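Enquirer: give me coordinates for this.
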Amino acid sequence: MSSEVTAAWIAAIAAGAAAAVNIYFSLATERRRRDAEMMVTAPAYFEGPSRS
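Expert: From the prediction side, this is the model:
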């Protein structure tokens, strides 16, 4: 392979890896946001009169 093709492959692999890392952190951030939201809303399920 020529050096231009090799450089293109390296750039493509680096871009793919950067995209994968970005997706991972985006999903992790969304998960933390949902978990925090549940911590705020969950106590509402336990409020009110108890049933015996």
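
Enquirer: list the contacts for Y24?
Expert: Y24 makes no contacts at all, as judged by CB atoms under 8 Å, 6 or more residues apart in numbering. In short, each C-beta sits where N, CA and C put it, glycine included.

Enquirer: repeat for S3
Expert: No contacts exist for S3 under CB under 8 Å, 6+ apart.

Enquirer: can you show me the helices along this structure?
Expert: Counting by DSSP state H, one finds helices in the chain at the ranges 3-41.

Enquirer: in it, which residue is most central in space?
Expert: L27 (1.1 Å; CA atoms, centre = their mean).

Enquirer: skipping adjacent residues, who's closest to W9 in space?
Expert: Take W9 and drop its neighbours on the chain: the residue closest to it by CB to CB, 6 or more residues apart in numbering is M1, 7.9 Å away.

Enquirer: neighbours around that neighbour, how many?
Expert: Neighbour count for M1, taken as other CB atoms under 10 Å: 8.

Enquirer: just the pLDDT for it.
Expert: The model reports M1 with a pLDDT of 75.

Enquirer: so how far is I10 from it?
Expert: Distance, M1 to I10, by CB to CB, to the nearest Å: 11 Å.
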